[in-house]
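Asker: pasted the sequence and its predicted model underneath.
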Amino acid sequence: MQDQENRPYRPDDSVHPAIVRLHVELEAARHGIGVLGELDDAGRERVVAELLSAVPDVASRAAHEAGAERAVATIQGFGGTGSEDHEPTTALWDRLVLTAVEAAVAVDAPAAVDAPAAVDASAAVDTDAVATAAVSDHAAHHATA
């Protein structure tokens, strides 16, 4: 019997491999945000930059391969998973989700359409505040475990 993860994709499969990759990337991003507080400033900035480029990239690839609707539905399933207690962490998560949705939707959008005004690509993420929130969240998690 062949392992389901190693079987070739067939159009009648319910979960496209690109959607599986997107799901894994979103899980990794959520985990990455959670450990930002453990990194030094330079490391934290590199991780934030990687997250802000990798997640939308995987989202656009998933939209191209599996369809924008499926990619957006997958991303929106993660939309409410940011930390409610820590605004900077939640702000970064919300930004990741928003840019991922935009990247997925852009696959089907005409080239002449500008990105929505709601996203400011130059908006800075306060990585120190994110780190403080992540450390607090990390400590709270270990205190309850």
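Answerer: Right, received. Where do you want to start?
Asker: the longest helix along the chain: which residues count as buried?
Answerer: Taking DSSP state H as the criterion, the chain has its longest helix at helix 41-66. Neighbour counts over helix 41-66 (16 or more other CB atoms under 10 Å) mark 44, 47-48, 51-52, 54-56, 58-63, 65-66 as buried. C-beta coordinates here come from the backbone N, C-alpha and C atoms, glycine included.
Asker: closest to Glu38 among the residues you listed?
Answerer: Proximity to Glu38 was ranked across the buried residues of helix 41-66 by CB to CB; first place goes to Arg44, at 8.9 Å.
Asker: quick one: the closest one and Leu36 touch, right?
Answerer: Yes - counting by CB atoms under 8 Å, Leu36 is a contact partner of Arg44 at 5.2 Å.
Asker: what count of nearby residues applies to Ala68?
Answerer: Applying other CB atoms under 10 Å, we find 20 residues neighbouring Ala68.
Asker: next, give phi and psi for Asp40.
Answerer: The phi and psi values for Asp40, taken as degrees, to the nearest 10, are phi -70, psi 170.
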